[in-house]
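# show me how the following folds:
(chains A, B, C and D)
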Number of protein chains: 2
Amino acid sequence: MARPGGRSARVQESVHAAVRELVGEVGRDALTVPMVATRAGVTPSTIYRRWGDLQQLLSDVAVERLRPETGPADLGSLRADLDAWAEQFLDEMASPPGRAYIRDALLGDPDGTNAGQCSAYAAEQIDAVLARAAQRGEPVPETELLIDRVVAPIMYRILFRPGRLDAAYARELVTNAVYAQQIEAGARPTQAADPWRSERKPDN
Amino acid sequence: MARPGGRSARVQESVHAAVRELVGEVGRDALTVPMVATRAGVTPSTIYRRWGDLQQLLSDVAVERLRPETGPADLGSLRADLDAWAEQFLDEMASPPGRAYIRDALLGDPDGTNAGQCSAYAAEQIDAVLARAAQRGEPVPETELLIDRVVAPIMYRILFRPGRLDAAYARELVTNAVYAQQIEAGARPTQAADPWRSERKPDN
DNA sequence: GCCTAGAAGCAACAAAATTGCATTAAAGTG
DNA sequence: CACTTTAATGCAATTTTGTTGCTTCTAGGC
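Numbering: from 1, shown residues only, chains lettered A, B, ... in the order given. Reported below is the predicted structural model:
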């Protein structure tokens, strides 16, 4: 956007607000561009020119809502921080509105920019947790490992499998990722007895 | 579909064929329902009534093309079979047409049926590999573990991260999953030295 | 305080989606 | 095998959405 201030900004905010309101009122499926335009006090052509179509507009709104509002909590240890973060992540993403936002973000995203942004949000949060743990002197796994082992399975299930997901599953994934990291560090952990066995089937 | 034979079946096949042809000729973005209807020798209202809109029609076609045409190859060992399957899976899914089909399948899928079908295809293939290995007497990991460790990371990267993916990454994921399974079986493997360390960043 | 150019408004137009009604042809029934 | 039933399609009129050329407005640069 070459002109981020003033009227353009007001229009953008007004349109986004209209989308959020109308999604709540009439539902996503009944949403149309003219409807959004009317509510936002804007002509439809403005929306078509700026966003292209409804999907890209929804994608825009979705990415904004998927941005984490706060940094991950500091609970004093890597394991506790990761557990808490993963649980919250799963909670938010697996909730009906979360699922809808994820779908919308992927949907109207020809070049993958918005999807990449979502991934970046998760990576930033994980990085923050890991950086804190490193500063405490704890051995830390790589961000990529956590994305592959924790984020990816959660997102895969949300997108491709109908079943429910609960906090226990998130903790399990974290356990396995941390376990892997401990092996990498050379110490076979003794506390967690056989975390592998319990990678569970979805409930459906 | 309460009436799967005769004319309905012909219309469905004709419409699917029209979509496949036209996607190749004019590209997915230029595709419209009336265009498909004309090519298929059908009135647009038929398509609207049966599929709802273009997205759901594309989703239908995409799922059909994502169905594996052949069972996984038998190369004589679990590891070889999994490697080969994962490489092929990644290849097909990460290719431009594969990515397009995945997106389409997810896109026009209000209730998640089509996405679930995609997941089921992968699970079936993995099950076949595992069943064969079990019959050979090899210790086998659970299907769920392989989905979380191999399928999910691949799909996550395809959907959310722009970078390239290559066969080596697929093998790495298999290595880690099998390694996990070996630990579960009680034998700390000696061959694979530290597979964890190499979980790599995408190229982008 | 002027220019300039990107962004929005407006209106006419083109294309698409929706819908009621008539028609066709699978599938069920005796 | 005729007959009935009814889902599915065809057709056409209508509504709604999407597109485009042109004008007007206004934020940002001088």
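
# and the helix or strand containing A:Leu130, does that touch chain B?
Secondary structure from DSSP states H and E places A:Leu130 in helix A:113-136. Yes: counting by Cβ under 8 Å from any Cβ of the partner chain, chain B has neighbours in helix A:113-136: A:115-116, A:118-119. Glycine gets a C-beta too; all of them are placed from N, C-alpha and C.

# next, the buried residues of that helix.
The neighbour-count check on helix A:113-136 (16 or more other Cβ atoms under 10 Å in any protein chain shown) flags A:114-119, A:122-123, A:125-126, A:128-130, A:132-133 as buried.

# and that helix, what does it pack against?
helix A:54-66, helix A:78-94, helix A:96-107, helix A:143-146, helix B:152-160 (3 or more Cβ pairs under 8 Å, 6 or more residues apart in numbering or on different chains; DSSP states H and E).

# with mean pLDDT as added columns, please give the ones you listed in JSON lines.
Formatted as JSON lines, the helices and strands packed on helix A:113-136 follow (pLDDT from 0 to 100):
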{"stretch": "helix A:54-66", "mean pLDDT": "95"}
{"stretch": "helix A:78-94", "mean pLDDT": "97"}
{"stretch": "helix A:96-107", "mean pLDDT": "93"}
{"stretch": "helix A:143-146", "mean pLDDT": "96"}
{"stretch": "helix B:152-160", "mean pLDDT": "97"}
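
# out of those, which is the most enclosed?
Most buried of those by mean neighbour count (mean count of other Cβ atoms under 10 Å in any protein chain shown) is helix B:152-160; its value is a mean of 23.

# quick one, the next helix or strand after it and helix B:152-160 angle?
Next helix or strand after helix B:152-160 toward the C-terminus (DSSP H and E): helix B:167-184. In terms of direction (axes from the mean of the first three to the mean of the last three Cα atoms, to 10 degrees), helix B:167-184 departs from helix B:152-160 by 150 degrees.

# next one: phi and psi at the closest residue to A:Gln56 other than its chain neighbours?
Distances taken as Cβ to Cβ, 6 or more residues apart in numbering or on different chains place A:Gly108 nearest to A:Gln56, at 3.8 Å, with adjacent residues excluded. Per-residue torsions, A:Gly108: phi -100, psi 60 (degrees, to the nearest 10).

# tell me how far A:Gly108 lies from B:Val33.
Separation of A:Gly108 from B:Val33 (Cβ to Cβ, to the nearest Å) stands at 19 Å.

# tell me which of those two has more neighbours.
Per other Cβ atoms under 10 Å in any protein chain shown, whichever of A:Gly108 and B:Val33 has more neighbours is A:Gly108, with 22 against 17.

# which residues touch the more buried one?
Neighbouring residues of A:Gly108 by Cβ atoms under 8 Å, 6 or more residues apart in numbering or on different chains: A:52-60, A:114.

# at 10 Å what do you get?
With contact set as Cβ atoms under 10 Å, 6 or more residues apart in numbering or on different chains, A:Gly108 has these partners: A:51-63, A:114, B:107.

# filter these down to the ones close to DNA strand D.
A:52-54 (Cβ under 7 Å from any atom of the strand).

# my guess is A:Asp148 meets B:Phe160, correct?
No: contact between A:Asp148 and B:Phe160 fails when scored by Cβ atoms under 10 Å: they sit 11.9 Å apart.

# name the residues of chain A found near DNA strand D, please.
Residues of chain A lying close to DNA strand D (Cβ under 7 Å from any atom of the strand) are A:3-8, A:32-35, A:44-45, A:48-49, A:52-54.

# just the buried members of these?
Buried among the residues of chain A next to DNA strand D (16+ other Cβ under 10 Å): A:33, A:35, A:54.

# would you mind giving those residues as CSV with distance to chain B added?
Formatted as CSV, those follow (distance: Cβ to the nearest Cβ, whole Å):
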residue, distance to chain B
A:Val33, 15
A:Met35, 17
A:Leu54, 11
